[in-house]
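Undergrad: structure, please.
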Amino acid sequence: MASVFDPATGIYSSCRPALSMPSPGATGGIVQFLLERTSDPGISSKLALVDAITGERVTFSQLRRRISVIAQGLIELGVRRGDVVLILSPNSIQFVESFLAVIFVGAILTTVNPLNTAEEIAKQARDSSPSLVITTLELADKVQRLDLPSVIIDHRDGSVLPPRSIPYSSLLRESPIFRDGSSISAPIESNLDDTVALLYSSGTTGVSKGVMLSHRNFLAAAGQVNMDAEMEGRENDVLLVMLPLFHIFGLAVSYASLQRSETVVILPRFEFLHFLKSIQDFRVTQLPLVPPVAIALAKHAAVADYDLSSIKNVISGAAPLGKEIMEACSRRLPLADIRQGYGLTESTGMALLTLPGEDPRFMGAAGSLVSGTEAMVVDPETCKPVPPQKSGELWLRGQQIMKGYLNNPTATASTIDENGWLHTGDLVYVNQGRFFVLDRMKELIKYKGFQVAPAELEALLLSHPSLLDAAVVPLADEEAGQVPIAYVVKKPNATVDESNVLNFIAKQVAPYKRLRRVSFIDAIPKSAAGKILRRELTALPQSKL
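TA: A predicted model of the protein is given here:
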């Protein structure tokens, strides 16, 4: 059931069952499909969302009503179809409810990493033009300069509200649906190609851009994620979400599980022992995670102190996971299927996924094509497809592929061609229908699944008064996957040192973007066209950090 290659066209196709999608003229969208799927009386009383720390619980019946009530509250705040709502928050039940309620009214949600600085958030806001912010008391200062009305998720009676803000709880208390028992309205009618989310990604070129994802994209991604569970006949799964919900991986798998009427247990903040205890206490069966957590599962002594026998599937994504770690996880969790996936924000999450019960010989592969997806492996020089076992750039096509980048037709055209192929910038080869990722042709650095754009850090380095030139490259790291390091050229007679440069950058960027090392060299190697020859820098000998 691995991917099949057609030598006549050079196209790989998925051997998973065909993807079922709504008809082109269908109205409604991802919330309507969720509500229809969960309206069955046998499902209404099931747990939909659980907070792993506080124990707060929401059934599917309650979730249906709360989405409608919060949506009405958003309308009373002036949110209209096509408006953008920015959410800056850690994982929470309210994050999921807000996502669904924003879409219910025909608006668009843009998510922000809580680690981002106020300037980074302001830059995203300038591009996406939100009309409302949903955030927490702790993070509210970061959005004050936006001068927008806000909803505070975690406000409690007695705590001081920031200017122009209301408590999240008032959306429930003051809604006509809550006050007088009005009937729950239906979601705003939507075209399947209407945008529902703007998730910011550095894509294949380095500068952060708003990825426009539609109802169609999320419905396709949900069907693809759920396909294997349906083939295996799994029921009553429990998903633990320790992945950040602002990231496509966390958001897409959470929606997919809810649409399948599964319980989603949300971990508001990641702490390894809390993570293990949540698996044990809630009898988690499905565990999406990132490589650093897989490494901890494979190596941390505390794993032996918890009952993790409920886990049926571990799916690692966001960055490559090596065969050795997968094998070590399998030894620690002998009842679980240790799998790996590959995807991008631009593909609404998974495009490749390891087959259930995969042959151990292919452990370490990024996976096989998910349902409804095609791929080509293309020679970067000739743009012609290459046969199996030959390496080339991975191109993808399917209904989960983004609409494009917001306000950036040039970047869109350079990423999605006229035939609908998404050029991923990743170098792969295929062996017996399984895809193996070799390297990144694009210049992004993947730190624990987060994207770090060298161009952004280089621009900041060049603003340092003592530096003439700079280049940022990745350094392999067992825990993080990759960390950013810099090579810089200082001005004659400048007295700047490594700690000065490290601190200069650390003050301006989120923690995951901070440089881990700075080396001083005489000149940055460049091509005749002025392009930095990064491979020459990455080839330099490095000692461990």
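
Undergrad: and residue 301, how many residues sit next to it?
TA: Neighbour count of residue 301, defined by other Cβ atoms under 10 Å: 6. The way it works is simple: take the backbone N, C-alpha and C, and place the C-beta from them, glycine included.

Undergrad: kindly apply the preceding question to residue 325 instead.
TA: Look at residue 325: counted by other Cβ under 10 Å, it has 21 neighbours.

Undergrad: got the CA coordinates for the helix or strand harbouring it in CSV?
TA: Residue 325 is part of helix 323-332, with elements assigned from DSSP states H and E. This file holds the C-alpha atoms of helix 323-332, laid out as CSV (Å, rounded to 0.1, in the frame of the first residue of the first chain):
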residue,chain,number,x,y,z
LYS,A,323,15.8,5.6,12.5
GLU,A,324,17.7,5.0,15.7
ILE,A,325,15.4,7.2,17.8
MET,A,326,12.3,5.5,16.3
GLU,A,327,13.7,2.1,17.2
ALA,A,328,14.5,3.2,20.7
CYS,A,329,11.0,4.6,21.1
SER,A,330,9.6,1.3,19.9
ARG,A,331,11.6,-0.6,22.6
ARG,A,332,10.2,1.7,25.2
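
Undergrad: can you pull the buried residues of that helix?
TA: Residues 325, 326, 328, 329, 330, 332 are the ones in helix 323-332 that count as buried (16 or more other Cβ atoms under 10 Å).

Undergrad: again with stretch 52-62
TA: 52, 53, 58, 59, 60, 61, 62.

Undergrad: ok, now stretch 232-240?
TA: Across stretch 232-240, burial judged by 16+ other Cβ under 10 Å covers 234, 237, 238, 239, 240.

Undergrad: next helix or strand past the lowest-mean-pLDDT helix or strand in the chain?
TA: When the helices and strands of the chain are scored by mean pLDDT, DSSP states H and E, helix 176-180 comes last with a mean of 46. Per DSSP H and E, the first helix or strand lying C-terminal to helix 176-180 is strand 195-201.

Undergrad: just checking, what packs against that next one?
TA: Judged by 3 or more Cβ pairs under 8 Å, 6 or more residues apart in numbering; DSSP states H and E, strand 195-201 is in contact with strand 108-112, strand 209-214, helix 215-232, helix 248-259.

Undergrad: give me that answer again for 6 Å
TA: Applying 3 or more Cβ pairs under 6 Å, 6 or more residues apart in numbering; DSSP states H and E, one finds that strand 195-201 makes contact with strand 108-112, strand 209-214.

Undergrad: and residue 425, that one's in a strand?
TA: Yes. According to DSSP: H, G, I helix; E, B strand; the rest coil, the state of residue 425 is that of a strand.

Undergrad: circling back: out of the helices and strands packed on strand 195-201, which gets nearest to residue 75?
TA: strand 108-112 (14.8 Å; Cβ to Cβ).

Undergrad: can I get the closest one in PDB, CA atoms only?
TA: Extracted C-alpha coordinates of strand 108-112, given in PDB (Å, rounded to 0.1, in the frame of the first residue of the first chain):
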ATOM      1  CA  ILE A 108     -10.400  34.300   9.600                       C
ATOM      2  CA  LEU A 109      -8.100  33.300  12.400                       C
ATOM      3  CA  THR A 110      -4.400  34.200  12.400                       C
ATOM      4  CA  THR A 111      -2.200  32.600  15.100                       C
ATOM      5  CA  VAL A 112       0.900  33.900  16.800                       C
END
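
Undergrad: given that strand, what are its sheet partners and their directions?
TA: In the sheet, strand 108-112 lines up against strand 84-88 (parallel), strand 195-201 (parallel) (DSSP bridges).

Undergrad: mean confidence (pLDDT) on it, please.
TA: Averaged across strand 108-112, the pLDDT comes to 97.
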